[in-house]
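Q: Build me a structure from this.
(2 chains)
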Amino acid sequence: MRTSQYLLSTLKETPANAEVISHQLMLRAGLVRNLASGLYTWLPTGLRVLKKVEQIVREEIQRAGGNEILMPMVQPADLWQESGRLEDYGPELLRINDRHKRPFVLGPTHEEVITKLVANELSSYKQLPLNVFQIQTKFRDEIRPRFGVMRGREFLMKDAYSFHLEDECLEKTYQIMFDAYCRIFERLELNFRPVLADTGSIGGEKSHEFHVLADSGEDDIAFSDASDFAANIEKAEALAPTGERAAPTQELTKVATPNVKSMDDLVQCLSVDLKTTVKTLLVVGATTEDAAETVVALVLRGDHQLNEIKAEHLPQIASPLTFASEEQILAAANCNAGSIGPVGLNIEVIVDRSAAHLSDFVCGANEDDAHLTGVNWQRDCNDISVHDIRNVVAGDPSPCGQGNIEIKRGIEVGHIFQLGRKYAEAMNCAVLNEGGKNQTLTMGCYGIGVSRIVAAAIEQNHDKYGIKWPKAIAPFQVAIVPMNMAKSARVKETAEALYESLNQAGIEVLFDDRKERPGVMFADHELMGTPLLLIIGERNLDAQQVELKNRITGEKSLIAIDEVMSLFN
RNA sequence: CGGUGAUUAGCGCAGCUUGGUAGCGCACUUGGUUUGGGUCCAAGGGGUCGCAAGUUCGAAUCUUGCAUCACCGACCA
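A: Take a look at the predicted model:
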């Protein structure tokens, strides 16, 4: 490709509304352009990268036994009615009507469509297991699209689905896909980790996320510093403190704490360690039939954070987790949010394991501007249940039993689930088993965010000059950069000849035939991240040499023109 | 959806407080100059100042409403 024929749209200045580095560089290097919130056009350079990621994903999923298909992006709402997700999925699901006013949705995922298809196509256990996938545009009407293509509303995703008669078989395919995912991210040369994950709205039993480690990531990942253990913080278990709880030594005392609204205020006011206090949060309880909305108290040590996922998994608590309103708080605790405590509270009290291990602690008195000190479980507050409801923090013992927790940020680029029979049951997806009886299938589902990977790769591979593509996904393998070609016939001749040979050899080469100054060309190629530059100038032509510059290492060397082609063998 | 902020040329911004009919840098076009790291000189083109209403002799500027975009929270590949 010659730059004179190429849509090379680089920007010198950073667009104002791009926050993270990958978004800035994708705009500056001319990979994408914004159309509307969360919607992006892929320009030639970006599309080249996207296609390469897509191809690597395709090859590895095929190697793992996947059959590629392509399902419509527009799906009848009826199907979603059938699975129950028309209501469950919420406003992220974009609903549309056709000209006959028939309801459709824009597919955010394809469990319904594929399950329906398989239900129709398969009739015997002999056809199992089956693994099918597609690489398709998805639409999710995200509440807040951000960070460019990292969280767009429209995005490219590889989604695979496997079907099995028995759970053991699903388990096997799950492992095969797990391995395929590892190979994919290895080929992409990304620094990634598989982590234990919550199954979220898709539902199911076992689940791993694949995260690319980067500070700009939106998820916190908990690692053990002594083993392979890694889990999304949503999922990472906070172990109960070891040893017996210390016996009470203090009297229960009410102290005045005027204007104390937050934990910080409390620590200031009473000069106590945050770790010897507890905070009490009121949330809406699970609604029972014909009963009014109830309120449940959650008690955490002052320095800990509530893990909303863990909390909403408890049967006593409404899902999604909802905090109690001011009126509900007043009604349940007789005070405002800053002074709630578990002592004498007339509602269900759920205490975190760490908070439950405290003795002689400080808490709200259920009376404005007052707290209790010297509080002790059992003696002062008895009717409680203890659960793990907090986020792990760095330094906690790892739940795997080895080492301590470290926390890093990650970008979720893949997610695999063992779905079980949820969709197969809803969509009536069954085959005849060996005994000639109808048997509902069990399913796995496996996603990869193809467009998100492009952004994630940049987050991990850039410097102050621009993108440093991993070789496997660079838009071009090499760029020819001639110095002052307009004035030097020799330079032009050499550049044209090299371009011709590289093209002949099927190497993706970008020939910078613009009439630009060298600095402009260097800057553009560095921004775009082409791994190799062939710099052709009068300076080295007498010796029949050209200069080779490696974008990744920054190394420069001279190479005989005759040797150039051998670089690509 | 809640909180915050923005919207003036393709991009980045100034002008708004104190109303008088729009400017800077980059990019673009033409001519010259320069040619191994974003040259320099000169001349040019390009703007319904997000939209609508109001106040006023007069609105980018003041008022009100709306829209869009972004940031912080809940969602997720």
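
Q: so what's the residue nearest to A:L128 when sequence neighbours are not counted up against?
A: Counting by CB to CB, 6 or more residues apart in numbering, A:L128 lies nearest to A:L165, which is 5.3 Å off, once chain neighbours are set aside. Bear in mind the C-beta positions are built from the backbone N, C-alpha and C, glycine included. By CB atoms under 8 Å, 6 or more residues apart in numbering, A:L165 lies in contact with A:125, A:128-129, A:431, A:433, A:439, A:441-442.

Q: Narrow those to those in strands?
A: Among these, the members falling in strands (DSSP state E) are A:431, A:439, A:442.

Q: Between those, which sits nearest A:Q378?
A: Nearest to A:Q378 among the ones in strands among the contacts of A:L165 is A:T442, at 45.4 Å by CB to CB.

Q: hey, what's the closest one bridged with?
A: A:H164 (DSSP bridges).

Q: what's around it, how many residues?
A: Residues lying near A:T442 (other CB atoms under 10 Å) number 28.

Q: Surely it touches A:L170?
A: Yes - assessed by CB atoms under 8 Å, A:T442 is found in contact with A:L170 at 5.1 Å.

Q: Find the residues that touch each one of these two.
A: The contact lists of A:T442 and A:L170 share A:164, A:418, where a contact means CB under 8 Å, 6+ apart.

Q: So which residues on the stretch 101-250 of chain A come close to RNA strand B?
A: For the stretch 101-250 of chain A, the contact set with RNA strand B under CB under 7 Å from any atom of the strand comprises A:109, A:140, A:142-147, A:150-152, A:155, A:157, A:200-202, A:209-210, A:218-219.

Q: Any regions of chain A where pLDDT drops low?
A: A:199-205, A:288-291 (pLDDT under 70).

Q: Just want the most central residue of it.
A: Most central in chain A under CA atoms, centre = their mean is A:E412, positioned 2.1 Å from the mean C-alpha point.

Q: where's it, which helix or strand?
A: Here A:E412, judged by DSSP states H and E, is contained in strand A:405-420.

Q: can that strand be found next to RNA strand B?
A: Yes - using CB under 7 Å from any atom of the strand, we find that strand A:405-420 touches RNA strand B at A:412-415.

Q: Residues contacting whatever helix or strand comes next after that strand, please?
A: Later in the chain than strand A:405-420, the nearest helix or strand by DSSP H and E is helix A:422-426. With contact meaning CB under 8 Å, 6+ apart, helix A:422-426 is reached by A:82-84, A:111-112, A:115, A:119, A:163, A:203-204, A:429-430, A:440-443.

Q: just curious, which of those is nearest to RNA strand B?
A: A:G203 (9.3 Å; CB to the nearest atom of the strand).

Q: Please look at A:K492 and A:N484 and confirm they touch.
A: No - A:K492 is beyond contact range of A:N484, at 9.5 Å (criterion: CB under 8 Å).

Q: Within range of RNA strand B, give me the residues from the stretch 351-500 of chain A.
A: Near RNA strand B, when you scan the stretch 351-500 of chain A using CB under 7 Å from any atom of the strand, you find A:412-415, A:447-449, A:451-452, A:465, A:483-484, A:486-487.

Q: A:V57 - that's part of a helix, no?
A: Yes - judged by DSSP: H, G, I helix; E, B strand; the rest coil, A:V57 forms part of a helix.

Q: what's across from the nearest residue to it once chain neighbours are set aside in the sheet?
A: Take A:V57 and drop its neighbours on the chain: the residue closest to it by CB to CB, 6+ apart is A:K158, 4.9 Å away. Counting by DSSP bridges, A:K158 is bridged to A:I135, A:I448.

Q: right, and A:K158 touches A:V450 too?
A: Yes - counting by CB under 8 Å, A:K158 does reach A:V450; the two are 5.7 Å apart.

Q: Quick check: neighbours shared by the two?
A: Common neighbours of A:K158 and A:V450, using CB under 8 Å, 6+ apart, are A:54, A:57, A:135.

Q: Tell me the one among these nearest to RNA strand B.
A: A:V57 (10.8 Å).

Q: Next, count neighbours for that closest one.
A: 27.

Q: just to revisit the earlier point, save the shared contacts of A:K158 and A:V450 as TSV, and put in distance to A:N569 too.
A: Output for those, formatted as TSV (distance: CB to CB, whole Å):
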residue	distance to A:N569
A:E54	26
A:V57	27
A:I135	31
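
Q: In three-state terms, how would the closest residue to A:E251 other than its chain neighbours be classified?
A: In space, and not counting its chain neighbours, A:E251 is closest to A:G374: 5.3 Å by CB to CB, 6+ apart. Per three-state DSSP, the secondary structure class of A:G374 is strand.

Q: so A:G374 touches A:K254, yeah?
A: No - contact between A:G374 and A:K254 fails when scored by CB under 8 Å: they sit 9.9 Å apart.

Q: neighbour-wise, which of those two wins?
A: The neighbour comparison of A:G374 against A:K254 (other CB under 10 Å) goes to A:G374, with 18 against 13.

Q: Can you tell me how far that one is from A:V299?
A: Distance of A:G374 to A:V299, given as CB to CB, to the nearest Å: 16 Å.

Q: same thing with A:Q328?
A: 17 Å.

Q: Who has more neighbours out of those two?
A: Between A:Q328 and A:V299, counted using other CB under 10 Å, A:V299 has the larger neighbour count: 26 against 17.

Q: Could you tell me how many residues sit around the nearest residue to the more buried one once chain neighbours are set aside?
A: In space, and not counting its chain neighbours, A:V299 is closest to A:V351: 4.4 Å by CB to CB, 6+ apart. Number of residues near A:V351 (other CB under 10 Å) recorded here: 24.

Q: quick one: contacts for A:V351?
A: Contacts of A:V351 (CB under 8 Å, 6+ apart): A:299, A:342, A:377, A:384-387.

Q: Now stretch A:238-247: buried residues?
A: A:238, A:241 (16 or more other CB atoms under 10 Å).

Q: Pull it out as CSV, backbone CA atoms only.
A: C-alpha atoms of stretch A:238-247 as CSV (Å, rounded to 0.1, in the frame of the first residue of the first chain):
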residue,chain,number,x,y,z
ALA,A,238,-12.4,-13.1,52.3
LEU,A,239,-11.5,-15.8,54.9
ALA,A,240,-12.6,-15.5,58.4
PRO,A,241,-9.9,-14.3,60.8
THR,A,242,-8.2,-17.2,62.6
GLY,A,243,-8.1,-17.7,66.3
GLU,A,244,-10.7,-17.1,69.0
ARG,A,245,-12.4,-13.7,69.3
ALA,A,246,-10.9,-11.8,72.3
ALA,A,247,-13.1,-11.7,75.4
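
Q: just to revisit the earlier point, backbone phi and psi for the residue nearest to A:V299, please?
A: For A:V351, the backbone dihedrals are phi -110, psi 130 (criterion: degrees, to the nearest 10).

Q: Over to A:I221?
A: Dihedral angles for A:I221 - degrees, to the nearest 10 - are phi -110, psi 130.

Q: Same question for A:E171.
A: Dihedral angles for A:E171 - degrees, to the nearest 10 - are phi -60, psi -40.

Q: What subset of the contacts of A:L165 is buried?
A: A:125, A:128-129, A:431, A:439, A:441-442.

Q: out of those residues, who's nearest RNA strand B?
A: For these, the nearest to RNA strand B is A:T442 (18.3 Å; CB to the nearest atom of the strand).

Q: tell me the contacts of that closest one?
A: By CB under 8 Å, 6+ apart, the contact list for A:T442 reads A:163-167, A:169-170, A:418-421, A:424.

Q: And those residues, which is closest to A:I347?
A: Using CB to CB, A:G420 is the member of the contacts of A:T442 that sits closest to A:I347, with 34.4 Å.

Q: Kind regards, and thank you for your time.
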